[in-house]
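Undergrad: whatever this is, show me its structure:
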Amino acid sequence: MRYLFFFYLLMLRANCFAQGSPHGASPVKSFTPLENVIFEDNFSSDSLGHFPHKWKSRKCVVDSCNKTHAVVRREGPDKVLGANYFTYIKPVLREALTDSFTIECDIMFKAQPWLKIAFCLNRKTSSDEIKREFLFYNDDQRFIVDNVTKTGRYVETFGHLFEDNIDDHLDVPSIVFLHNKWYHLGFSYSHRHISCYLDSSRIFDIPDCGFQPFGLFFGLIDSTICKDVVIANGKLPDFNKLITEKKFVTHSVLFESNKAVIGEDSDPFVSQFAKWLQKNPGINIEIDGHTDSVGSVASNLNLSVRRAEAIKTQLVDKGVPSIRLATRGLGATMPLKSNKTEDGKAENRRVEFVLVQK
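TA: Alright, predicted model coming up:
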């Protein structure tokens, strides 16, 4: 049977060829995993039939179902991740994703092929996370990308178009997948450039995907298993810009929509920044919160103040003395780009750490 395949992300380095991954996954020609590993799991320390301890359950994709269906199984000599039913889970990352990262794993389809990898973008709406999904399944041999935005949702099918206004159409070659055979997937991401690799071939390349992911999750059904999952970053955030440029701007602190509640995916970034501040005890900062222009001037100003205070609270909880941290809310008064577009609004929703001179 013919199927097509999924998965994502790129930092393209050449000349991997026979070297493969240093972390246990099988080799992929022309795909080079990065070296700063922030997640790695071969499930060897997990008990069979139990949920893997390095992962977090999202939900079972059935109305009113609260059960967790992802479990560790045995496949030959290896422990693997499988599912008893259609379910979503996410890896618990040790550090935040940077602007360059790689993802790799081995995948096997025992029967019907189906696998989803979703990359979460830089904010949430009131109803759902904004995300881009790479979905592989066996319906009409199609590989699908769903792009969910604040203003709506479109579905792009490689080889087919569901909407006339979709411009970023890609052609992906048909691939024959055999049951009970391991395939190696690799995604490479660098500055919004995404490439996907299957075994020795790059199956698609997106020069500008239009977003910076902050997290990801896996969707599985009972016919799909995976093993040797490795996620690695490129360089860490350059907090030294606070010293050289007197300011560090980030979109990596994520809040719930219209609230001052920091999302859990932002915790690795805040932890990294707290460690940097602890290593540089002579530095004091001001935390400036910025919003887009949606809403009233007063509500945006109030929201930005509360968000700056929420970041300060987290930094203090992680060991940074409160006396070193000041806060300020600026609302929508200092936009980086026009608030007339969704991309501009996303750029304007940010946090700035400003060096305070003693």
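Undergrad: distance between the helix ranked longest in the chain and the chain's centre?
TA: Counting residues, the longest helix found in the chain (DSSP state H) is helix 297-317. Distance of helix 297-317 from the chain centroid (CA atoms, centre = their mean, to the nearest Å) equals 24 Å.
Undergrad: for V72, grab the count of nearby residues.
TA: 23 (other CB atoms under 10 Å). Yep, even glycine has a C-beta here, placed from its N, CA and C like the rest.
Undergrad: which of the helices or strands spans it?
TA: Assigned by DSSP states H and E, V72 belongs to strand 70-75.
Undergrad: what does Q272 give?
TA: Assigned by DSSP H and E, Q272 falls in helix 267-279.
Undergrad: report the mean confidence score over that helix.
TA: Averaging pLDDT along helix 267-279 gives 90.
Undergrad: tell me how far that helix lies from the chain's centre.
TA: On CA atoms, centre = their mean, the centre of helix 267-279 falls 19 Å from that of its chain.
Undergrad: from here on, call the first residue 5.
TA: All right, first residue 5 from here; so that's helix 271-283.
Undergrad: how about the strand holding V76: buried residues?
TA: Neighbour counts over strand 74-79 (16 or more other CB atoms under 10 Å) mark 74-77, 79 as buried.
Undergrad: how about CSV for these, with distance to Q116 and pLDDT added?
TA: Formatted as CSV, the buried residues of strand 74-79 follow (distance: CB to CB, whole Å; pLDDT from 0 to 100):
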residue, distance to Q116, pLDDT
A74, 17, 88
V75, 18, 90
V76, 21, 94
R77, 17, 94
E79, 17, 95
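Undergrad: tell me which of those is nearest to P56?
TA: Proximity of those to P56 (CB to CB) peaks at V76, which lies at 5.5 Å.
Undergrad: ok now stretch 36-54, how far from the chain's centre?
TA: Relative to its parent chain, stretch 36-54 has a centroid offset of 17 Å by CA atoms, centre = their mean.
Undergrad: how about stretch 257-270?
TA: Distance, stretch centre to chain centre, for stretch 257-270: 15 Å (CA atoms, centre = their mean).
Undergrad: now stretch 339-358
TA: On CA atoms, centre = their mean, the centre of stretch 339-358 falls 20 Å from that of its chain.
Undergrad: how is the protein carved up into domains?
TA: Taking automatic domain parsing as the criterion, the chain consists of the domains 6-237, 245-360.
Undergrad: now do the same for H54: helix, strand or coil?
TA: When classified by DSSP: H, G, I helix; E, B strand; the rest coil, H54 comes out as coil.
Undergrad: next one: D50
TA: On the basis of three-state DSSP, D50 is classed as coil.
Undergrad: OK, contacts around the nearest residue to it once chain neighbours are set aside?
TA: Leaving aside its chain neighbours, D50 sits nearest to V76 (4.3 Å; criterion: CB to CB, 6 or more residues apart in numbering). Applying CB atoms under 8 Å, 6 or more residues apart in numbering to V76 gives the contacts 47, 50-56, 83-86.
Undergrad: only whichever of the residues you listed are buried, select them in PyMOL.
TA: A single PyMOL command is used to select the members of the contacts of V76 judged buried by 16+ other CB under 10 Å:
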select buried, resi 47+50+55+56+83+84+85+86
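Undergrad: so which of the contacts of V76 is the closest to F191?
TA: When those are compared for distance to F191 (CB to CB), L85 wins out at 17.1 Å.
Undergrad: which phi and psi does that closest one have?
TA: With angles defined as degrees, to the nearest 10, L85 sits at phi -100, psi 130.
Undergrad: so it touches A74, yeah?
TA: Yes - contact criterion CB atoms under 8 Å: L85 and A74 qualify, at 6.5 Å.
Undergrad: quick check: neighbours shared by those two?
TA: Common neighbours of L85 and A74, using CB under 8 Å, 6+ apart, are 56, 59, 224.
Undergrad: adding distance to S104 and pLDDT, write the residues you listed out as JSON lines.
TA: Formatted as JSON lines, the shared contacts of L85 and A74 follow (distance: CB to CB, whole Å; pLDDT from 0 to 100):
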{"residue": "P56", "distance to S104": "26", "pLDDT": "93"}
{"residue": "W59", "distance to S104": "24", "pLDDT": "93"}
{"residue": "L224", "distance to S104": "27", "pLDDT": "87"}
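Undergrad: got the CA positions of the helix holding Q276 in CSV?
TA: Output in CSV follows, covering the C-alpha atoms of helix 271-283 (Å, rounded to 0.1, in the frame of the first residue of the first chain):
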residue,chain,number,x,y,z
ASP,A,271,9.0,27.1,32.5
PRO,A,272,12.2,25.8,30.9
PHE,A,273,13.0,29.3,29.5
VAL,A,274,12.3,31.0,32.8
SER,A,275,14.5,28.4,34.6
GLN,A,276,17.4,29.1,32.2
PHE,A,277,17.1,32.8,32.7
ALA,A,278,17.0,32.3,36.5
LYS,A,279,20.2,30.3,36.4
TRP,A,280,21.9,32.9,34.3
LEU,A,281,20.9,35.7,36.7
GLN,A,282,22.2,33.6,39.6
LYS,A,283,25.5,33.2,37.8
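Undergrad: tell me the angle of that helix relative to helix 301-321?
TA: Inter-element angle recorded for helix 271-283 and helix 301-321: 60 degrees (by axes from the mean of the first three to the mean of the last three CA atoms, to 10 degrees).
Undergrad: which SSE is immediately downstream of helix 271-283?
TA: Downstream of helix 271-283 (by DSSP H and E), the next one is strand 288-294.
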